[in-house]
Each structure stands twice: as structure tokens, then as C-alpha cells.
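*Asks:* Give me a 3D structure for the following:
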Amino acid sequence: LLVGGSDIQLLTRDAARRRIIVDTLRAADRILAVGAPLRQAVIALGVPSTRVATFNRGVDLATFTSGSPQGARDRLGLPTDRPIVIWVGRMEQVKGLDVLLASWSKVSKHVARPLLLLIGDGAERASLERQASEFGNSVRFVGNIAHGALPDWYRAADCVVLPSRSEGVPNVLLEGLACGTP
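*Replies:* Okay, the predicted model is just below:
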């Protein structure tokens with residue numbers, strides 16, 4: 001069983017969910033926790049420490065490397081005369097894309113011709129597309145991209161954003177940084 005963070009740190013705050021999560025954890029033969037603090041949180045829920053292992057997520061630094069932003073934009077057919085912001089992930093409520101889009105009007109007032117690229121898909125996409133319709137061509141829904149193709153998207157951007165309501169430092173941010181994108 002893999003635990004990544006909000007499943008243990010947030011969802012266990014609700015009594016009914018906590019009971020189900022704890023029962024599931026205790027029934028698992030082995031639990032992999034992302035990092036030592038999360039391992040300790042699982043153990044604190046009553047799981048024997050011998051069944052909880054820690055692993056650290058990582059980024060393939062042979063794939064996610066810095067490179068020419070101009071070259072990446074050329075390869076992807078993206079404009080070279082506009083600031084580009086990207087978001088990568090599942091379009092779910094917890095990811096905070098509604099907040100990002102609500103703030104995009106303020107960005108558009110202070111930055112000339114910005115372009116927000118939303119890479120991914122999910123249950124919230126249709127409602128997000130409706131919300132983004134007021135921004136015309138300053139917001140583009142790219143859809144799913146193969147993981148190995150993501151480096152050029154990161155390189156093409158001026159920054160990566162993560163408006164998530166519950167993530168710490170997910171691989172999306174680490175991958176962007178590895179490609180030289182703040």
C-alpha cells in the first residue's frame with residue numbers, strides 16, 4: 001500500500017474516513033510512505049513499524065534537464081513573444097485550478113499577453129474550461145502529455161505553478177526545477 005500525504009495527514013481528520021483508513025493500513029502486508037515524517041504518522045495510527053518502509057520520490061535527471069527555452073517553444077509550436085506559465089497534473093478539485101483561474105484575471109491585468117498552459121485532464125476539466133472561457137486565448141487546455149515529453153513543456157515555460165490545496169513538493173515542481181524552470 002502506498003501512502004503519499006493527504007491520505008494520512010488530511011483525510012484522517014474525519015472520524016469516519018479515519019476508521020476506514022486505519023483499518024486498511026492495519027490490514028496491509030506492507031506500506032510504503034513518502035518520507036520519514038509520513039512513516040511516523042502511519043506508525044502513530046497503530047501500524048507496526050516493521051511493516052512501514054520509507055521511500056523518497058525522485059526525478060530522472062537524465063530526462064528532466066535544462067535546455068533552450070526558445071528551442072522548446074519552437075519544437076512545441078508555442079509563441080516566443082509571450083510569457084508562459086504551466087500547470088501539470090490531474091484536473092481534480094484538490095489541485096486548486098479554480099483558484100488559479102480566478103486569479104488569472106489579475107495576472108492578465110499586470111502582464112502583457114500571458115499564456116497559461118494546463119497540461120493534464122480529469123473530472124474538473126469541463127467546469128474549468130467554462131471558467132476559463134472568459135480569458136480567450138490566454139488559457140490553453142493542452143490535455144495529457146506523455147511523461148517523457150514533459151521536459152520540453154517545462155523548458156518552454158517561464159514558470160511552473162502549483163495552486164494545490166494539499167500537496168507539499170510533488171514531482172511536478174521537482175521536474176520543472178530540473179529543467180531550469182522556476
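*Asks:* only C-alpha atoms for contact and neighbour calcs from this point on.
*Replies:* OK.
*Asks:* now this structure, which segments are flagged as low pLDDT?
*Replies:* Counting by pLDDT under 70, the ranges of the chain that qualify are 168.
*Asks:* Just the helices from it, written as ranges.
*Replies:* Listed in chain order, the helices of the chain (DSSP state H) span 6-9, 15-27, 36-44, 69-76, 97-110, 125-132, 150-156, 171-178.
*Asks:* now the second one against helix 36-44, angle please.
*Replies:* Per axes from the mean of the first three to the mean of the last three C-alpha atoms, to 10 degrees, the angle that helix 15-27 makes with helix 36-44 is 90 degrees.
*Asks:* what's in contact with helix 15-27?
*Replies:* By C-alpha atoms under 8 Å, 6 or more residues apart in numbering, the surrounding residues in contact with helix 15-27 are L1, I8, L11, T12, I31, V42, L45, G46, V47.
*Asks:* a markdown table please, covering the helices of the chain and showing mean neighbour count.
*Replies:* A markdown table is the format used below for the helices of the chain (neighbours: other C-alpha atoms under 10 Å):
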| stretch | mean neighbour count |
| --- | --- |
| helix 6-9 | 16 |
| helix 15-27 | 14 |
| helix 36-44 | 17 |
| helix 69-76 | 16 |
| helix 97-110 | 15 |
| helix 125-132 | 15 |
| helix 150-156 | 26 |
| helix 171-178 | 20 |
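*Asks:* closest to T54 out of these?
*Replies:* Nearest to T54, of all the helices of the chain, is helix 36-44, at 6.0 Å by C-alpha to C-alpha.
*Asks:* Name whatever forms a beta bridge with G89.
*Replies:* Taking DSSP bridges as the rule, G89 bridges to G120.
*Asks:* my read: it touches G120, true?
*Replies:* Yes. Contact status for G89 versus G120: in contact at 5.2 Å, counting by C-alpha atoms under 8 Å.
*Asks:* Stretch 113-125: end-to-end distance?
*Replies:* This stretch, stretch 113-125, spans 23 Å end to end (C-alpha to C-alpha, to the nearest Å).
*Asks:* buried ones in that stretch?
*Replies:* For stretch 113-125, the neighbour count (16 or more other C-alpha atoms under 10 Å) marks P114, L115, L116, L117, L118, I119, G120, D121, R125 as buried.
*Asks:* neighbouring contacts of that stretch?
*Replies:* Outside stretch 113-125, the residues that touch it by C-alpha under 8 Å, 6+ apart are 82-93, 107-108, 137-145.
*Asks:* so how far is it off the chain centroid?
*Replies:* Centroid displacement of stretch 113-125 relative to its chain, using C-alpha atoms, centre = their mean, to the nearest Å, is 12 Å.
*Asks:* likewise stretch 13-28?
*Replies:* Taking mean C-alpha positions (C-alpha atoms, centre = their mean), stretch 13-28 and its chain are 25 Å apart.
*Asks:* Kindly format the C-alpha coordinates of it as CSV.
*Replies:* Extracted in CSV, the C-alpha atoms of stretch 13-28 (Å, rounded to 0.1, in the frame of the first residue of the first chain):
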residue,chain,number,x,y,z
ARG,A,13,-9.2,14.2,10.4
ASP,A,14,-12.7,13.0,9.5
ALA,A,15,-13.7,10.3,12.0
ALA,A,16,-15.5,8.0,9.5
ARG,A,17,-12.7,8.2,7.0
ARG,A,18,-10.1,7.8,9.7
ARG,A,19,-11.6,4.5,10.8
ILE,A,20,-11.6,3.1,7.2
ILE,A,21,-8.0,4.3,6.6
VAL,A,22,-6.7,2.9,9.8
ASP,A,23,-8.4,-0.5,9.2
THR,A,24,-6.9,-0.5,5.6
LEU,A,25,-3.4,0.3,6.9
ARG,A,26,-3.5,-2.3,9.6
ALA,A,27,-4.7,-4.9,7.1
ALA,A,28,-1.9,-4.2,4.6
